[in-house]
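> What would the 3D arrangement of this be:
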Amino acid sequence: MSYSARDAEFDELVLAALPHVVRFARSLAHDDALADDLVQETYLRAYRSWGTFKLGHDARRWLFTICRNVFLRQRERDARVVDTSGDDAELESLLAAVEHGAATQNGTADLLDRIEVAPAIRAALAVLPEVYRTAAILVDVEGESYEGAAEVLGVPVGTVRSRLFRARRLLQQSLYVYAVDAGIIREPTTAGDAAR
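From the prediction side, this is the model:
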């Protein structure tokens, strides 16, 4: 079988996104070997479906969609369902604002900007429920727009915003716990300590 113009287009547009797809697959699978299998299956399906790809569209987003779909088909869906119907977005927003205000007052926000938190962020991302982690990875790590993430995930933009808000809130809580555990900050024990 000879190298064709179709193969050249595939190489130019799709293979260039390989590092992004590998990173996305690893964030989904949490295991390098499983992620490698996921990437391989993603590229096999992409190559088989290359005729359906519309030139001018975002190949990386198309690959993310394929990768996510392969991942979802490979795992038991019901085992990972997170019920968000009881979430109160207004209450979550208020709590996030209160926590941010407290962190700003006690200097925690400035301190967290100065320390190396990459390992803590990776660990915090790893334990997020999949629906939140995927939204955070697509938007905050891969730089997808809300609309692009909604297309990849097959959900409305509002759902992406909600999941991203919740993911960031959970990450904020995890990083605060990390800072306390690492001795970077100390948790207020009395009303007087909280005011300092």
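> what number of residues lie near the closest residue to Arg186 other than its chain neighbours?
Nearest non-adjacent residue to Arg186, counting by C-beta to C-beta, 6 or more residues apart in numbering: Val180, 7.0 Å away. Just so you know, the C-beta spots here come from the backbone N, C-alpha and C atoms, and that holds for glycine as well. By other C-beta atoms under 10 Å, 13 other residues sit near Val180.
> Over to Val22?
By the measure other C-beta under 10 Å, the count of residues near Val22 is 17.
> Likewise for Leu170?
By other C-beta under 10 Å, the residues close to Leu170 number 18.
> how near is the residue nearest to it when sequence neighbours are not counted to Asp11?
Residue nearest to Leu170 in three dimensions, not counting chain neighbours: Leu128, with 5.8 Å by C-beta to C-beta, 6+ apart. Counting by C-beta to C-beta, to the nearest Å, the gap from Leu128 to Asp11 is 34 Å.
> try Ala124
36 Å.
> who has more neighbours, the two?
Taking other C-beta under 10 Å, Ala124 and Asp11 do not tie; Ala124 has more neighbours (21 against 11).
> Just give the closest residue to the more buried one, not the sequence neighbours.
Ser174 (3.7 Å).
> Mind giving me the packing neighbours of the helix or strand harbouring the one you found?
In this assignment (DSSP states H and E), Ser174 forms part of helix 157-181. Counting contacts by 3 or more C-beta pairs under 8 Å, 6 or more residues apart in numbering; DSSP states H and E, helix 157-181 packs against helix 89-105, helix 108-114, helix 118-127, helix 130-136, helix 146-153.
> what about the fourth one, distance to the chain center?
How far helix 130-136 lies from its chain's middle: 5 Å, per C-alpha atoms, centre = their mean, to the nearest Å.
> same for it, what does it pack against?
Here helix 130-136 touches helix 18-29, helix 118-127, helix 146-153, helix 157-181, going by 3+ C-beta pairs under 8 Å, 6+ apart.
> Can you say which of these is nearest to Arg73?
When those are compared by C-beta to C-beta, helix 18-29 sits nearest Arg73, at 12.0 Å.
> and the helices and strands packed on helix 157-181, which one's lowest on average pLDDT?
Mean pLDDT per stretch puts helix 108-114 lowest among the helices and strands packed on helix 157-181, at a mean of 57.
> low pLDDT regions in this structure?
The chain contains residues with pLDDT under 70 at 1-3, 76-117, 182-185, 188-196.
> 90 instead, please
Within the chain, the ranges that satisfy pLDDT under 90 run 1-16, 28-35, 37, 44, 47-57, 72-128, 130-131, 140-143, 157-158, 168-196.
> which residues sit in contact with the residue nearest the centre of the chain?
In the chain, the C-alpha nearest the mean C-alpha coordinate belongs to Ile137, at 2.0 Å (C-alpha atoms, centre = their mean). Contacts were defined as C-beta atoms under 8 Å, 6 or more residues apart in numbering; by that measure Ile137 touches Phe24, Ser27, Leu28, Leu125.
> didn't the third one look like it was pressed against Ala35?
In other words, Leu28. Yes. The criterion here is C-beta atoms under 8 Å, and Leu28 meets it with Ala35 at 7.3 Å.
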